[in-house]
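Participant: please work out how this folds:
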Amino acid sequence: MRYREEKLVTARAATARLADDPLMDAIYLAGSLPAGLGSPTSDVDVFAVVSSDTDIQVRQITEGGERLDVETYTLDWFRDAFAKVEQWAISRQDLRSTGLTRNELDVLLRMRQMEVVKDSPNLADLRSRLAHNEDRLRQMTLNHWALEANGHLSDFKGSCEDEDFTTAALVGQTLMLCAGKSLTTAAGDPYYGTKWVHRQLERSVSKDFPHSLYTSLQTGSWADGDPREGMREFLSFLQTLSVASQLLGWDAPEVNRWPFWVTGPGPLRRNPQYNVIHLTEGVLLNNELRRQFVVKPDVALVWGLCNGREPEEVVEAAVPLHKPLSAGTDEAPLTAGRAHEIVQVLLRRGLVSRELFR
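Facilitator: Predicted coordinates for the structure are as follows:
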């Protein structure tokens, strides 16, 4: 888009003068415009990296009628943030161990599409650490959106139980936004800003994905008509996006291989009360304050595919999909026999039913 390049040209001219400051170790452009997003009113984000101790600063400058946000960070700030990424792990006992603050996560994700204005050996080292930690940063981002959704899910369910569907529709907008951001992350497009989720879905997620359904549910139209039926559709789709993202985005951005976006007419159906959070040691199926199961990825995969499907459909889809989940681990390949056994266990545990959950 023409406005994007015009804004970037203006930003390059302004930051070229900033680069003359000897305190500036490095400068780069980032944000929605370099990431291929943004709008005609978007600002260009300028990041200044300094080696000396200084407070983190955010200031604005104007150039050619355009406003630029200049954020200044020290090298130690970046090094500390990357150390958190490299040391991060998430367990059932400490779900809030997110590692990075929201701002740290946002800054590191925006670095992925940086345009360097003033380079330095230090910035080159930071770029190397960013590339080395690509998988870990994606996992942290997936975890962030899963926990964000988990925090809103009880409010959504409580509002529905109270038949306050107006409030539920409002909370549901945030829930579906979190699921959409998780999905784009699992597709290799983990930009942090939430306002661009629809554009990211259009550019990064498979054309087989039901974009119109996502938009309809995210904007709250499910509460029109029969709100209880709409609630069931909403929770089923939300759960599908969550399990697909958490499983097929964890080890590699493979979410576009997910086969069943929409609930089918078959008998096997997941229990809609469970939220999906990938942990370092497994996958948590979380029914907040009630029941929790930490299962292996193959079990979570079979469970996730029980989305109104016949047993044979689930097994045929699960066996090839399990390969990227087990790559680089000591987990045995999923066989058809093992997948059938998992279905039976899920039925006995009440995680899957042959009838519609009410």
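Participant: for this structure, which segments count as strands?
Facilitator: Under the criterion DSSP state E, strands of the chain are mapped to 24-30, 44-50, 57-63, 66-74, 115-118, 268-270, 275-278, 283-287, 291-295, 307-309, 352-353.
Participant: pick out the shakiest of the ones you listed, pLDDT-wise.
Facilitator: With a mean of 62, strand 57-63 has the lowest mean pLDDT of the strands of the chain.
Participant: so where's the stretch 101-250 of the chain uncertain?
Facilitator: Within the stretch 101-250 of the chain, no range satisfies pLDDT under 70.
Participant: alpha carbons of stretch 237-244, in PDB - could you do that?
Facilitator: Extracted in PDB, the C-alpha atoms of stretch 237-244 (Å, rounded to 0.1, in the frame of the first residue of the first chain):
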ATOM      1  CA  PHE A 237     -15.400 -23.300  17.700                       C
ATOM      2  CA  LEU A 238     -13.400 -21.500  20.400                       C
ATOM      3  CA  GLN A 239     -12.200 -24.900  21.700                       C
ATOM      4  CA  THR A 240     -11.300 -26.000  18.200                       C
ATOM      5  CA  LEU A 241      -9.100 -23.000  17.600                       C
ATOM      6  CA  SER A 242      -7.400 -23.400  20.900                       C
ATOM      7  CA  VAL A 243      -6.600 -27.100  20.600                       C
ATOM      8  CA  ALA A 244      -5.400 -26.700  17.000                       C
END
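Participant: now what about it, what contacts it?
Facilitator: If you take CB atoms under 8 Å, 6 or more residues apart in numbering as the criterion, stretch 237-244 is touched by 146, 149, 175-176, 179-180, 182-183, 186, 213-214, 217, 255, 258, 260-263, 270, 272, 274-276, 300, 303-304, 307. Backbone N, C-alpha and C define where each C-beta goes, glycine included.
Participant: thinking again about what came up before, would you mind giving the strands of the chain as CSV with mean neighbour count and distance to Phe237 added?
Facilitator: Compiled in CSV, the strands of the chain are given as follows (neighbours: other CB atoms under 10 Å; distance: least, CB to CB, whole Å):
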stretch, mean neighbour count, distance to Phe237
strand 24-30, 22, 32
strand 44-50, 23, 33
strand 57-63, 12, 38
strand 66-74, 18, 36
strand 115-118, 17, 37
strand 268-270, 22, 12
strand 275-278, 23, 13
strand 283-287, 22, 17
strand 291-295, 16, 22
strand 307-309, 21, 9
strand 352-353, 20, 17
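Participant: got CSV for the ones you listed, with distance to Leu334 too?
Facilitator: Below are the strands of the chain laid out as CSV (distance: least, CB to CB, whole Å):
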stretch, distance to Leu334
strand 24-30, 40
strand 44-50, 44
strand 57-63, 49
strand 66-74, 44
strand 115-118, 43
strand 268-270, 17
strand 275-278, 17
strand 283-287, 14
strand 291-295, 13
strand 307-309, 16
strand 352-353, 17
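Participant: ranges for the helices of the stretch 251-358 of the chain?
Facilitator: With DSSP state H, counting those that start in this stretch, the ranges of helices along the stretch 251-358 of the chain come out as 297-305, 311-326, 336-349.
Participant: ok, which of the strands of the chain comes nearest Leu100?
Facilitator: strand 66-74 (13.7 Å; CB to CB).
Participant: deepest of the helices of the stretch 251-358 of the chain, which one?
Facilitator: helix 297-305 (a mean of 26; mean count of other CB atoms under 10 Å).
Participant: so that helix versus strand 291-295, what angle?
Facilitator: Helix 297-305 and strand 291-295 are oriented at 120 degrees to each other (axes from the mean of the first three to the mean of the last three CA atoms, to 10 degrees).
Participant: who does helix 297-305 touch, helix- and strand-wise?
Facilitator: Under the contact criterion of 3 or more CB pairs under 8 Å, 6 or more residues apart in numbering; DSSP states H and E, helix 297-305 touches helix 227-248, strand 283-287, helix 311-326, helix 336-349.
Participant: now stretch 134-143: buried residues?
Facilitator: Buried residues in stretch 134-143, counted by 16 or more other CB atoms under 10 Å: Arg136, Leu137, Arg138, Gln139, Met140, Thr141, Leu142, Asn143.
Participant: wait, the third one touches Asp189, no?
Facilitator: No - if you go by CB atoms under 8 Å, Arg138 and Asp189 don't touch, sitting 10.1 Å apart.
Participant: listing request: residues of the stretch 251-358 of the chain with sub-threshold pLDDT.
Facilitator: The stretch 251-358 of the chain contains residues with pLDDT under 70 at 324, 326-330, 356-358.
Participant: repeat that for 90
Facilitator: 280-281, 288-291, 323-333, 355-358 (pLDDT under 90).
Participant: distance check, the nearest residue to Thr219 once chain neighbours are set aside against Ser206.
Facilitator: Leaving aside its sequence neighbours, Thr219 sits nearest to Gln173 (CB to CB, 6 or more residues apart in numbering; 6.8 Å). To Ser206, Gln173 is 23 Å away according to CB to CB, to the nearest Å.
Participant: remind me, longest helix of the chain?
Facilitator: Using DSSP state H to define each element, the chain has its longest helix at helix 134-161.
Participant: from the contact counts, what lies against it?
Facilitator: helix 75-87, helix 102-111, helix 165-186, helix 227-248, strand 275-278.
Participant: to Val352, which of these lies closest?
Facilitator: Within the helices and strands packed on helix 134-161, the stretch nearest Val352 is helix 227-248; the backing value is 12.3 Å (CB to CB).
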